[in-house]
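Student: From the sequence below, what's the structure:
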Amino acid sequence: MLLFELVIGLLLLGAILALWANRLGIPYPALLALAGVALALIPGTPQVMLDPQLALALFVAPVLLDAAYDASPRDLRANIRPLISLALVVVVLTIVAVAIVARKLVPGMSWPVAITLGAIVAPPDAAAATAVLRRLRPPHRLLVILQGESLFNDASALLVYRAAWARDQGAARVTREAAMAKLFATEAAQRVIDDAVQLHGGRGVVVGEPVERLYREIRALRIYEGTTEIQKLVIANQVLAEAGR
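Tutor: Numbering: from 1, shown residues only. Here you go, the predicted structure:
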(Lines give C-alpha, C1' and ligand atoms only; values in the text may rest on other atoms or scores of the structure.)
Protein backbone atom coordinates (compact mmCIF):
# COMPACT_ATOMS: atom_id res chain seq x y z
CA MET A 1 0.00 0.00 0.00
CA LEU A 2 2.87 2.35 0.81
CA LEU A 3 4.37 1.74 -2.64
CA PHE A 4 1.07 2.53 -4.36
CA GLU A 5 0.73 5.80 -2.42
CA LEU A 6 4.33 6.69 -3.24
CA VAL A 7 3.82 6.16 -6.98
CA ILE A 8 0.60 8.21 -6.98
CA GLY A 9 2.37 10.96 -5.05
CA LEU A 10 5.28 11.04 -7.51
CA LEU A 11 2.93 11.22 -10.48
CA LEU A 12 0.96 14.04 -8.84
CA LEU A 13 4.15 15.93 -7.99
CA GLY A 14 5.36 15.55 -11.56
CA ALA A 15 2.09 16.92 -12.95
CA ILE A 16 2.23 19.94 -10.61
CA LEU A 17 5.85 20.68 -11.52
CA ALA A 18 5.02 20.42 -15.22
CA LEU A 19 2.28 23.04 -14.79
CA TRP A 20 4.65 25.35 -12.90
CA ALA A 21 7.30 24.90 -15.57
CA ASN A 22 4.86 26.05 -18.27
CA ARG A 23 3.97 29.14 -16.26
CA LEU A 24 7.64 29.93 -15.58
CA GLY A 25 8.57 29.34 -19.22
CA ILE A 26 11.28 26.76 -18.52
CA PRO A 27 11.60 23.13 -19.71
CA TYR A 28 9.79 20.91 -17.22
CA PRO A 29 12.59 18.25 -17.13
CA ALA A 30 14.88 20.87 -15.57
CA LEU A 31 12.35 21.57 -12.83
CA LEU A 32 11.82 17.85 -12.23
CA ALA A 33 15.57 17.32 -11.91
CA LEU A 34 15.89 20.17 -9.40
CA ALA A 35 12.98 18.79 -7.38
CA GLY A 36 14.60 15.35 -7.32
CA VAL A 37 17.89 16.79 -6.09
CA ALA A 38 16.06 18.77 -3.41
CA LEU A 39 14.23 15.67 -2.18
CA ALA A 40 17.47 13.71 -2.06
CA LEU A 41 19.18 16.39 0.06
CA ILE A 42 16.39 16.69 2.64
CA PRO A 43 17.68 15.11 5.90
CA GLY A 44 15.74 12.08 7.02
CA THR A 45 14.16 11.35 3.64
CA PRO A 46 13.31 7.62 3.63
CA GLN A 47 15.01 5.42 1.07
CA VAL A 48 12.48 3.74 -1.18
CA MET A 49 13.36 1.00 -3.66
CA LEU A 50 11.07 0.67 -6.68
CA ASP A 51 10.82 -2.55 -8.62
CA PRO A 52 12.71 -1.93 -11.89
CA GLN A 53 9.91 -3.56 -13.90
CA LEU A 54 7.36 -1.27 -12.25
CA ALA A 55 9.47 1.81 -12.93
CA LEU A 56 9.87 0.73 -16.56
CA ALA A 57 6.12 0.29 -17.04
CA LEU A 58 5.00 3.44 -15.21
CA PHE A 59 7.68 5.98 -16.11
CA VAL A 60 10.00 4.93 -18.94
CA ALA A 61 7.59 3.26 -21.38
CA PRO A 62 4.99 6.10 -21.46
CA VAL A 63 7.71 8.70 -21.98
CA LEU A 64 9.25 6.81 -24.90
CA LEU A 65 5.82 6.11 -26.41
CA ASP A 66 4.88 9.79 -26.28
CA ALA A 67 8.17 10.85 -27.88
CA ALA A 68 7.92 8.15 -30.55
CA TYR A 69 4.33 9.15 -31.38
CA ASP A 70 5.49 12.66 -32.28
CA ALA A 71 8.47 11.47 -34.34
CA SER A 72 8.29 11.40 -38.13
CA PRO A 73 9.43 8.10 -39.74
CA ARG A 74 10.18 9.94 -42.98
CA ASP A 75 12.46 12.44 -41.24
CA LEU A 76 14.16 9.67 -39.29
CA ARG A 77 14.93 7.75 -42.49
CA ALA A 78 16.25 10.90 -44.14
CA ASN A 79 18.75 11.41 -41.31
CA ILE A 80 19.64 7.79 -40.74
CA ARG A 81 23.43 8.17 -40.86
CA PRO A 82 23.78 10.61 -37.93
CA LEU A 83 21.15 8.65 -36.02
CA ILE A 84 23.21 5.46 -36.25
CA SER A 85 26.36 7.31 -35.23
CA LEU A 86 24.74 8.91 -32.19
CA ALA A 87 22.58 6.00 -31.01
CA LEU A 88 25.29 3.34 -31.26
CA VAL A 89 28.79 4.74 -31.66
CA VAL A 90 28.50 7.87 -29.52
CA VAL A 91 26.69 6.02 -26.73
CA VAL A 92 29.52 3.48 -26.54
CA LEU A 93 32.15 6.24 -26.59
CA THR A 94 30.29 8.08 -23.83
CA ILE A 95 30.15 4.94 -21.70
CA VAL A 96 33.90 4.44 -22.12
CA ALA A 97 34.67 8.10 -21.35
CA VAL A 98 32.50 8.11 -18.21
CA ALA A 99 34.08 4.86 -17.03
CA ILE A 100 37.61 6.22 -17.45
CA VAL A 101 36.81 9.48 -15.65
CA ALA A 102 35.01 7.62 -12.84
CA ARG A 103 38.03 5.39 -12.25
CA LYS A 104 40.31 8.43 -12.18
CA LEU A 105 38.11 10.14 -9.59
CA VAL A 106 37.51 6.97 -7.55
CA PRO A 107 40.64 4.80 -7.87
CA GLY A 108 39.06 1.88 -6.03
CA MET A 109 36.17 1.59 -8.49
CA SER A 110 36.24 -1.56 -10.59
CA TRP A 111 35.80 -1.55 -14.35
CA PRO A 112 32.38 -3.28 -14.27
CA VAL A 113 31.04 -0.66 -11.84
CA ALA A 114 32.53 2.20 -13.89
CA ILE A 115 31.01 0.82 -17.11
CA THR A 116 27.66 0.39 -15.36
CA LEU A 117 27.77 4.05 -14.32
CA GLY A 118 28.59 5.04 -17.89
CA ALA A 119 25.67 3.03 -19.27
CA ILE A 120 23.33 4.77 -16.81
CA VAL A 121 24.29 8.33 -17.75
CA ALA A 122 25.12 7.85 -21.45
CA PRO A 123 21.66 7.90 -23.09
CA PRO A 124 19.80 11.23 -22.91
CA ASP A 125 16.12 11.16 -22.00
CA ALA A 126 13.79 11.35 -25.00
CA ALA A 127 11.18 13.55 -23.30
CA ALA A 128 13.80 15.88 -21.86
CA ALA A 129 15.48 16.30 -25.24
CA THR A 130 12.14 17.08 -26.90
CA ALA A 131 11.02 19.57 -24.22
CA VAL A 132 14.31 21.47 -24.14
CA LEU A 133 14.85 21.56 -27.90
CA ARG A 134 11.37 22.82 -28.69
CA ARG A 135 11.96 25.91 -26.58
CA LEU A 136 15.35 26.56 -28.18
CA ARG A 137 13.82 26.30 -31.69
CA PRO A 138 16.85 24.74 -33.45
CA PRO A 139 16.89 23.88 -37.17
CA HIS A 140 14.41 21.15 -38.03
CA ARG A 141 17.08 18.65 -39.08
CA LEU A 142 18.96 19.06 -35.79
CA LEU A 143 15.72 18.60 -33.86
CA VAL A 144 14.90 15.40 -35.77
CA ILE A 145 18.37 13.94 -35.23
CA LEU A 146 18.50 14.60 -31.50
CA GLN A 147 14.93 13.43 -30.91
CA GLY A 148 15.43 10.28 -32.96
CA GLU A 149 18.75 9.45 -31.31
CA SER A 150 17.17 9.73 -27.86
CA LEU A 151 14.61 7.08 -28.88
CA PHE A 152 17.16 4.47 -29.98
CA ASN A 153 20.05 4.89 -27.57
CA ASP A 154 18.31 3.41 -24.52
CA ALA A 155 18.36 -0.11 -25.91
CA SER A 156 22.10 -0.15 -26.61
CA ALA A 157 22.90 1.44 -23.23
CA LEU A 158 20.64 -0.97 -21.33
CA LEU A 159 22.29 -4.01 -22.89
CA VAL A 160 25.75 -2.73 -21.95
CA TYR A 161 24.45 -1.91 -18.46
CA ARG A 162 23.08 -5.42 -18.01
CA ALA A 163 26.37 -7.06 -18.98
CA ALA A 164 28.46 -4.76 -16.77
CA TRP A 165 26.10 -5.13 -13.81
CA ALA A 166 26.14 -8.93 -14.06
CA ARG A 167 29.93 -8.89 -14.14
CA ASP A 168 30.07 -6.66 -11.06
CA GLN A 169 27.70 -9.01 -9.21
CA GLY A 170 30.26 -11.77 -9.55
CA ALA A 171 29.14 -13.51 -12.71
CA ALA A 172 32.05 -15.55 -14.04
CA ARG A 173 30.87 -15.06 -17.62
CA VAL A 174 28.56 -12.56 -19.29
CA THR A 175 28.53 -14.37 -22.63
CA ARG A 176 24.79 -14.10 -23.16
CA GLU A 177 24.60 -10.41 -22.27
CA ALA A 178 27.55 -9.55 -24.51
CA ALA A 179 26.07 -11.55 -27.37
CA MET A 180 22.70 -9.80 -26.93
CA ALA A 181 24.37 -6.37 -27.02
CA LYS A 182 26.31 -7.15 -30.21
CA LEU A 183 23.33 -8.82 -31.88
CA PHE A 184 20.97 -5.92 -31.18
CA ALA A 185 23.41 -3.21 -32.25
CA THR A 186 24.48 -4.85 -35.49
CA GLU A 187 21.01 -6.04 -36.52
CA ALA A 188 19.48 -2.62 -35.82
CA ALA A 189 22.20 -0.95 -37.86
CA GLN A 190 21.70 -3.46 -40.70
CA ARG A 191 17.94 -2.85 -40.86
CA VAL A 192 18.51 0.88 -40.95
CA ILE A 193 21.14 0.80 -43.68
CA ASP A 194 19.00 -1.60 -45.74
CA ASP A 195 16.20 0.98 -45.69
CA ALA A 196 18.70 3.69 -46.60
CA VAL A 197 19.95 1.73 -49.62
CA GLN A 198 16.34 1.10 -50.68
CA LEU A 199 15.53 4.80 -50.47
CA HIS A 200 18.62 5.86 -52.42
CA GLY A 201 18.03 3.35 -55.19
CA GLY A 202 20.95 2.96 -57.58
CA ARG A 203 23.04 5.56 -55.75
CA GLY A 204 22.89 3.40 -52.66
CA VAL A 205 25.24 0.83 -54.24
CA VAL A 206 27.58 3.21 -56.12
CA VAL A 207 31.15 2.85 -54.85
CA GLY A 208 32.22 5.95 -52.95
CA GLU A 209 28.75 7.02 -51.87
CA PRO A 210 28.29 7.38 -48.07
CA VAL A 211 25.40 4.90 -48.01
CA GLU A 212 27.42 2.28 -49.89
CA ARG A 213 30.39 2.73 -47.54
CA LEU A 214 28.16 2.42 -44.47
CA TYR A 215 26.57 -0.71 -45.91
CA ARG A 216 29.98 -2.38 -46.27
CA GLU A 217 31.12 -1.30 -42.81
CA ILE A 218 27.93 -2.43 -41.07
CA ARG A 219 27.97 -5.72 -42.95
CA ALA A 220 31.48 -6.33 -41.63
CA LEU A 221 30.32 -5.70 -38.07
CA ARG A 222 27.89 -8.62 -38.40
CA ILE A 223 30.74 -10.97 -39.32
CA TYR A 224 33.81 -10.38 -37.17
CA GLU A 225 33.87 -11.22 -33.45
CA GLY A 226 31.14 -13.76 -34.12
CA THR A 227 28.56 -13.65 -36.89
CA THR A 228 24.89 -12.93 -36.27
CA GLU A 229 24.09 -16.65 -36.44
CA ILE A 230 26.78 -17.44 -33.88
CA GLN A 231 25.44 -14.76 -31.52
CA LYS A 232 21.95 -16.27 -31.78
CA LEU A 233 23.37 -19.71 -31.08
CA VAL A 234 25.27 -18.43 -28.04
CA ILE A 235 22.14 -16.76 -26.65
CA ALA A 236 20.00 -19.85 -27.25
CA ASN A 237 22.54 -22.16 -25.59
CA GLN A 238 22.75 -19.90 -22.53
CA VAL A 239 18.95 -19.64 -22.21
CA LEU A 240 18.47 -23.40 -22.57
CA ALA A 241 21.24 -24.09 -20.08
CA GLU A 242 19.61 -21.82 -17.50
CA ALA A 243 16.18 -23.33 -18.14
CA GLY A 244 17.54 -26.83 -17.57
CA ARG A 245 19.07 -26.06 -14.18
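Student: quick one: the helices in this protein?
Tutor: Here the chain has its helices, by DSSP state H, at 2-24, 28-41, 52-55, 61-70, 73-78, 80-84, 91-105, 111-121, 126-136, 140-168, 175-200, 210-221, 228-243.
Student: how far does the first one sit from the chain's center?
Tutor: Between the mean C-alpha location of helix 2-24 and the chain-wide mean there is a distance of 24 Å, by C-alpha atoms, centre = their mean, to the nearest Å.
Student: same deal with the last one?
Tutor: On the basis of C-alpha atoms, centre = their mean, the separation between the geometric centre of helix 228-243 and that of its chain is 24 Å.
Student: List the contacts of that helix.
Tutor: Defining contact as C-beta atoms under 8 Å, 6 or more residues apart in numbering, one finds that helix 228-243 is touched by 175, 176, 179, 180, 182, 183, 186, 187, 222, 226. Where you see a C-beta, it was placed from the backbone N, CA and C, and this is true even at glycine.
Student: The shortest one too?
Tutor: Counting by C-beta under 8 Å, 6+ apart, helix 52-55 makes contact with residue 7, all of which sit outside it.
Student: Present the helices of the chain as JSON lines; the columns should include mean pLDDT.
Tutor: As requested, the helices of the chain are exported to JSON lines (pLDDT from 0 to 100):
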{"stretch": "helix 2-24", "mean pLDDT": "80"}
{"stretch": "helix 28-41", "mean pLDDT": "80"}
{"stretch": "helix 52-55", "mean pLDDT": "70"}
{"stretch": "helix 61-70", "mean pLDDT": "70"}
{"stretch": "helix 73-78", "mean pLDDT": "75"}
{"stretch": "helix 80-84", "mean pLDDT": "72"}
{"stretch": "helix 91-105", "mean pLDDT": "87"}
{"stretch": "helix 111-121", "mean pLDDT": "84"}
{"stretch": "helix 126-136", "mean pLDDT": "66"}
{"stretch": "helix 140-168", "mean pLDDT": "73"}
{"stretch": "helix 175-200", "mean pLDDT": "80"}
{"stretch": "helix 210-221", "mean pLDDT": "82"}
{"stretch": "helix 228-243", "mean pLDDT": "83"}
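Student: Now those helices in JSON lines, please, with extra columns for mean neighbour count.
Tutor: Written out in JSON lines, the entries for those read as follows (neighbours: other C-beta atoms under 10 Å):
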{"stretch": "helix 2-24", "mean neighbour count": "12"}
{"stretch": "helix 28-41", "mean neighbour count": "14"}
{"stretch": "helix 52-55", "mean neighbour count": "10"}
{"stretch": "helix 61-70", "mean neighbour count": "13"}
{"stretch": "helix 73-78", "mean neighbour count": "14"}
{"stretch": "helix 80-84", "mean neighbour count": "19"}
{"stretch": "helix 91-105", "mean neighbour count": "17"}
{"stretch": "helix 111-121", "mean neighbour count": "20"}
{"stretch": "helix 126-136", "mean neighbour count": "17"}
{"stretch": "helix 140-168", "mean neighbour count": "20"}
{"stretch": "helix 175-200", "mean neighbour count": "18"}
{"stretch": "helix 210-221", "mean neighbour count": "15"}
{"stretch": "helix 228-243", "mean neighbour count": "13"}
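Student: Geometrically speaking, which residue is the centre of the protein?
Tutor: The centroid of the chain falls nearest to residue 154 when counting by C-alpha atoms, centre = their mean (1.4 Å).
Student: I'd like to know how far that residue sits from residue 123.
Tutor: Look at residue 154 and residue 123: by C-beta to C-beta, to the nearest Å, they are 5 Å apart.
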